[in-house]
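>>> Got a sequence here, can you model it:
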Amino acid sequence: MWVLLALVLAVIVAVVVVAVFAGRGHDTTSQPQPGPAAAGPAPNNGPGGTLADGCLGGRADLDQAVLIAQKQAPLTPAGAAAFTATVMRWSFETPSPANQAATAQQILAPDATPAAKQSLSSSVDRQGWTASISTLAGSFYIESFTNSSATVSLRLGGTGTKDGVSTDPAVLGGTMYLEAVAGVWRYRDHTYGRPLAEMDQIGTPYAGGC
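Numbering: from 1, shown residues only. Okay, here's the model as predicted:
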């Protein structure tokens, strides 16, 4: 799903990372922006609007968490946002979850793009790194939604270490593209998405997080 970044944790991730702290990736302000919402039910993005679980599937064993999230996330805007948050946690985690490559066969869409496949932490050299994402202070914005697809922008926090030394905390942003396959959400693609400054203004906080 995601075009990888260039610095600190970005070397090990491909999650559309935007770094506002030292040592992190590209600024999304210079990247292509999501287009207008596709036809379908109007997204609910305002404060107090769509509620999405930021810790769907749980905190431990992210391979299991993302599969549980996939089963539990309804084909609604809130379900898409919740599933996206768990996919982010699972795909970013470094060292990568033990069965990430096998789990990806169920999480990635049949037509998943190279960016989606390369966003998995197991797809890059991660020796010496640790990295994780937190949704505790995260937010989301539904760019578009139909009965068969959803586009979700995110603003999440990231932490990590390099050779045992903590790296600067980072604020990460990106846009994920989902499609409904056999009644569940699958991860198809990603872009850099909206600038973090815009997400600060329009994002809806996750209900809970981990």
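
>>> same for the longest strand belonging to the chain, what does it pack against?
Criterion DSSP state E: the longest strand present in the chain is strand 129-145. Packed against strand 129-145 by the contact rule (3 or more Cβ pairs under 8 Å, 6 or more residues apart in numbering; DSSP states H and E) you find helix 77-92, strand 149-162, helix 196-202, strand 204-205. Where you see a C-beta, it was placed from the backbone N, CA and C, and this is true even at glycine.

>>> And these: which comes nearest Ala52?
Evaluated with Cβ to Cβ, the helices and strands packed on strand 129-145 place helix 77-92 nearest to Ala52, the distance being 3.6 Å.

>>> for the closest one, packing partners?
helix 62-72, helix 100-107, strand 129-145, strand 149-162, strand 170-181, strand 184-191.

>>> What mean pLDDT does the helix or strand that comes right after the fourth one get?
Yep, that's strand 149-162 we're talking about. Later in the chain than strand 149-162, the nearest helix or strand by DSSP states H and E is strand 165-166. If you average the pLDDT over strand 165-166, you get 94.

>>> re the thing from before, which one, of the helices and strands packed on helix 77-92, ends up nearest to Ala116?
The nearest among those, by Cβ to Cβ, is strand 184-191 at 5.4 Å.

>>> quick one: buried residues of the closest one?
Using 16 or more other Cβ atoms under 10 Å as the test for burial, strand 184-191 gives Val184, Trp185, Arg186, Tyr187, Arg188, Asp189, His190, Thr191.

>>> list the contacts for the second one?
The one in question is Trp185. Gln70, Ala73, Leu75, Gly79, Ala80, Phe83, Ala150, Leu178, Glu179 (Cβ atoms under 8 Å, 6 or more residues apart in numbering).

>>> Ignoring the adjacent residues along the chain, who's closest to the most centrally placed residue in the chain?
When Cα atoms, centre = their mean is applied to the chain, the residue found nearest the centroid is Met88 (3.3 Å). Using Cβ to Cβ, 6 or more residues apart in numbering and skipping the chain neighbours, the partner closest in space to Met88 is Ile133 (5.4 Å).

>>> for Asp61, same thing?
In this structure, Asp61 finds its nearest non-sequential neighbour in Pro97, 7.4 Å apart by Cβ to Cβ, 6+ apart.

>>> Then Thr94?
Ala131 (4.0 Å).

>>> my guess is that neighbour contacts Ser91, does it?
No - between Ala131 and Ser91 there is no contact under Cβ atoms under 8 Å: 10.6 Å.

>>> what about those two, which has more around it?
Legend: neighbour count by other Cβ atoms under 10 Å for Ala131 and Ser91, higher for Ser91 (32 against 26).

>>> Where does the prediction get shaky in this structure?
1-50 (pLDDT under 70).

>>> ok, 90 please
Along the chain, segments meeting pLDDT under 90 span 1-51, 60, 124-127, 192-194, 208-209.
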